[in-house]
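Engineer: Give me a 3D structure for the following:
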Amino acid sequence: MQTQDRDAARNRFSEGKPLWVRAIATPATEFGPTPLPLLSGQIPEGFQGTLYRNGPGRLSRQGQTVDHWFDGDGGILAVRFDAGEATASYRYVQTQELQAEEAKDQFLYSGYGQMAPGPVWKRWGVPPKNVANTSVLALPDKLLALWEGGNPHALDPVTLETQGLDALSGLTPKLTYSAHPKRDPQTGNIYNFGVIFGPKTYIQLYCSHASGAIDRQASIPLPGLSLVHDFVLAGRYLVFVVPPLRLQMLPIMLATKSLSDALQWQPHQGTQIIVIDRDTFEEVNRFETEPWFQWHFGNGYEDAAGNIVLDYIRYPDFQTNQWLKEVVTGYPQTPASGELWQLHINPQTGQVLQNEQRFNFGCEFPIVSPLETGQKTTAIYLNHHSHSPRPVEEMFDSIARIDGKNAAVRSMAFPSGCYPMEAIYAPDPNSPDQGWLLTVVFDGNQDQSTVQIFTANQLDLGPIAVLGLPEIIPFGFHGTWQAAM
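Structural biologist: Have a look, this model is predicted:
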């Protein structure tokens with residue numbers, strides 16, 4: 001699509017809608033290695049490494065929009081910093097399904113919320129499209145594009161060329177690999193899981209070497225067909241919080257409903273917490289508590305008494321899924337706001353010792369320094385709304401730092417019409433207790449995406465460097481920082 005045509009399509013789709021809609025109004029445009037102009041500030045001295053981000057880059061074909069934000073084709077942004085300069089690339093993950101749809105220029109597959117075209121009987125037994133759009137895992141010799149409904153795709157970490165599905169020396173085609181692996185900063189071991197649906201539903205646990213190769217697996221039964229998106233590494237434990245969602249299997253088997261539409265909120269089931277010994281993969285305890293839903297956790301750790309403390313974004317129900325579905329229309333209308341909570345549990349007795357709200361603004365995407373994964377954290381960073389209650393149709397406009405000791409909040413509110421994505425923490429190699437935050441910001445006033453760098457513990461002072469990207473980057477989900485080797 002030519003620039004003039006893209007601009008016209010963007011104007012048509014976004015008319016009368018919030019400015020953030022302009023970022024998703026047309027499919028993202030790929031670009032090769034491009035030096036980024038420094039718009040303001042200065043790249044920190046010695047700042048070397050690569051920021052990777054993943055998210056739905058294409059949400060429409062021939063005027064037809066996907067039915068859920070989760071069903072857009074994955075696009076990877078890589079921003080490489082070296083010797084005071086930055087170079088960026090953006091590429092779609094070339095899945096087999098994307099290539100087939102490109103050839104016919106139409107949607108062909110079912111997905112999380114999408115239903116394949118044509119009669120129902122043609123959908124029977126056909127696996128969902130692997131959109132490879134949720135997160136990334138940087139390994140020494142490759143980059144993984146993650147999507148929790150299947151195997152990851154391997155990419156060249158420099159060129160972003162897609163190398164194909166990667167079994168990590170342990171996955172079969174039927175096993176899934178979630179988008180939220182946890183890397184132990186002391187051993188380098190990587191922990192992850194996949195939810196496996198079938199006659200028996202279970203969590204498949206994985207432990208990998210730093211190379212990504214899986215060397216240990218185990219299966220943990222689930223109470224029902226639920227949705228588990230993230231988990232916590234907390235000291236000696238892995239913790240899974242299973243929300244009271246249940247999947248209707250009959251419409252899934254008959255291909256009359258998407259996975260998204262077949263998930264039912266059943267608060268009477270309660271939330272189930274499963275605690276696993278990370279060294280043995282044996283179940284330590286499981287117990288039920290009050291109902292809530294969460295997509296993401298900030299971090300977890302063991303306190304001095306051996307209790308588990310974890311931070312999470314809590315929703316009262318599953319309305320968040322409907323809001324995410326409505327994003328692709330450009331004007332979501334379903335109220336659904338998450339807040340930061342902290343949960344304290346005794347892993348041996350299953351007692352909930354404390355479960356309280358920490359931050360009263362609508363927020364999401366909690367992150368910590370990767371050097372503190374599984375340990376007590378210096379600070380949590382998250383995206384939030386500067387107004388409470390937030391306008392239902394708006395994206396996040398601020399990033400906050402919440403101190404781990406005294407809960408003091410420092411926040412950066414972006415100018416009106418500017419929207420930051422999930423912040424990514426880059427540790428300072430010369431001072432491990434210091435670091436930087438990176439985020440990609442879309443300015444709807446200028447139709448421009450930028451990369452912005454902040455000093456992490458002085459977030460409220462504003463960006464220390466702003467770099468211009470050559471194309472608009474649609475709102476994405478998750479990313480990572482890989483320090484230069």
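Engineer: roughly how far out does stretch 339-356 sit from the chain middle?
Structural biologist: Relative to the chain's own centre, stretch 339-356 is displaced by 24 Å; criterion: C-alpha atoms, centre = their mean, to the nearest Å.
Engineer: Can you give me the first-to-last residue distance of that stretch?
Structural biologist: Terminal residues of stretch 339-356 are spaced 10 Å apart (C-alpha to C-alpha, to the nearest Å).
Engineer: Give me the sheet partners of the longest strand along the chain and which way each runs.
Structural biologist: Ranked by residue count, the top strand of the chain under DSSP state E comes out as strand 431-443. Sheet pairing for strand 431-443, assigned by DSSP bridges, gives strand 418-420 (antiparallel), strand 424-428 (antiparallel), strand 448-455 (antiparallel).
Engineer: can you tell me which residues contact residue 223?
Structural biologist: Neighbour list for residue 223: 242, 269, 272 [criterion: C-beta atoms under 8 Å, 6 or more residues apart in numbering]. Bear in mind the C-beta positions are built from the backbone N, C-alpha and C, glycine included.
Engineer: Once you drop chain neighbours, what's closest to the last one?
Structural biologist: Distances taken as C-beta to C-beta, 6 or more residues apart in numbering put residue 242 closest to residue 272, at 4.3 Å, once the chain neighbours are dropped.
Engineer: what's that neighbour sitting at in phi/psi?
Structural biologist: Main-chain torsions, residue 242, degrees, to the nearest 10: phi -100, psi 110.
Engineer: For it, which residues are in contact?
Structural biologist: Applying C-beta under 8 Å, 6+ apart to residue 242 gives the contacts 222-223, 226, 228, 271-274.
Engineer: Check pLDDT for these and point me to the minimum.
Structural biologist: Ranked by pLDDT, the contacts of residue 242 bottom out at residue 223, which has 86.
Engineer: coming back round to it: from the contacts of residue 223, which is closest to residue 443?
Structural biologist: Nearest to residue 443 among the contacts of residue 223 is residue 242, at 39.5 Å by C-beta to C-beta.
Engineer: Check what pLDDT the closest one gets.
Structural biologist: Here the pLDDT value assigned to residue 242 is 98.
Engineer: now do the one 5 residues further on
Structural biologist: Residue 247 is assigned a predicted lDDT (pLDDT) of 92.
Engineer: pLDDT averaged over stretch 69-77 - what is it?
Structural biologist: Mean pLDDT, taken over the full extent of stretch 69-77, equals 98.
Engineer: cool, and stretch 409-427?
Structural biologist: 97.
Engineer: which residues touch the closest residue to residue 17 other than its chain neighbours?
Structural biologist: Closest residue in space to residue 17, ignoring its immediate chain neighbours: residue 330 at 4.4 Å, by C-beta to C-beta, 6+ apart. Counting by C-beta under 8 Å, 6+ apart, residue 330 touches 13-14, 17-18, 21, 24-25.
Engineer: For the buried ones among these, write the corresponding ChimeraX selection.
Structural biologist: Restricted to buried positions by 16 or more other C-beta atoms under 10 Å, the ChimeraX selection for the contacts of residue 330 reads:
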select :13,14,18,21,24,25
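Engineer: out of the contacts of residue 330, which one sits closest to residue 408?
Structural biologist: For the contacts of residue 330, the nearest to residue 408 is residue 18 (30.9 Å; C-beta to C-beta).
Engineer: Would you confirm that the closest one contacts residue 393?
Structural biologist: Yes: between residue 18 and residue 393 there is a contact at 5.5 Å, judged by C-beta atoms under 8 Å.
Engineer: ok so, going back, what is the nearest of the contacts of residue 330 to residue 474?
Structural biologist: Distances from residue 474 to those, taken as C-beta to C-beta, are shortest for residue 24 (4.9 Å).
Engineer: how about the helices in the stretch 151-300 of the chain?
Structural biologist: Under the criterion DSSP state H, counting those that start in this stretch, helices of the stretch 151-300 of the chain are mapped to 249-253, 259-262.
Engineer: Show me what the shortest one is packed up against.
Structural biologist: Packed against helix 259-262 by the contact rule (3 or more C-beta pairs under 8 Å, 6 or more residues apart in numbering; DSSP states H and E) you find helix 249-253.
Engineer: please redo it, this time with the cut-off set to 10 Å
Structural biologist: When contacts are defined as 3 or more C-beta pairs under 10 Å, 6 or more residues apart in numbering; DSSP states H and E, helix 259-262 packs onto strand 245-247, helix 249-253, helix 319-326.
Engineer: what's the first one in contact with?
Structural biologist: The one in question is strand 245-247. Applying C-beta atoms under 10 Å, 6 or more residues apart in numbering, the contact partners of strand 245-247 are 197, 201, 223-228, 257, 259, 262-267, 269, 291, 293, 317-318, 321.
Engineer: Kindly recompute the last result at 7 Å.
Structural biologist: Strand 245-247 has contacts (C-beta atoms under 7 Å, 6 or more residues apart in numbering) with 224-227, 262-266, 269, 318.
Engineer: Next, format the residues you listed as JSON lines and append neighbour count.
Structural biologist: As requested, these are arranged in JSON lines below (neighbours: other C-beta atoms under 10 Å):
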{"residue": "224", "neighbour count": "13"}
{"residue": "225", "neighbour count": "19"}
{"residue": "226", "neighbour count": "20"}
{"residue": "227", "neighbour count": "19"}
{"residue": "262", "neighbour count": "17"}
{"residue": "263", "neighbour count": "21"}
{"residue": "264", "neighbour count": "13"}
{"residue": "265", "neighbour count": "16"}
{"residue": "266", "neighbour count": "15"}
{"residue": "269", "neighbour count": "18"}
{"residue": "318", "neighbour count": "20"}
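Engineer: Not counting its neighbours along the chain, what's nearest residue 378?
Structural biologist: Residue nearest to residue 378 in three dimensions, not counting chain neighbours: residue 404, with 5.2 Å by C-beta to C-beta, 6+ apart.
Engineer: Tell me which residues touch the closest residue to residue 189 other than its chain neighbours, please.
Structural biologist: Nearest residue to residue 189 in three dimensions, chain neighbours excluded: residue 207, at 5.9 Å (C-beta to C-beta, 6+ apart). Going by C-beta under 7 Å, 6+ apart, residue 207 touches 189, 191, 215-216.
Engineer: what do you get for residue 158?
Structural biologist: Applying C-beta under 7 Å, 6+ apart, we find residue 158 in contact with no residue.
Engineer: of all the contacts of residue 207, which comes closest to residue 433?
Structural biologist: The closest of the contacts of residue 207 to residue 433 turns out to be residue 189 (C-beta to C-beta; 22.8 Å).
Engineer: circling back: most packed of the helices of the stretch 151-300 of the chain?
Structural biologist: Ranked by mean neighbour count, the helices of the stretch 151-300 of the chain are led by helix 259-262 with a mean of 19 (mean count of other C-beta atoms under 10 Å).
Engineer: Now do it: distance to the chain's middle.
Structural biologist: Centroid separation for helix 259-262 versus its chain: 20 Å, with C-alpha atoms, centre = their mean.
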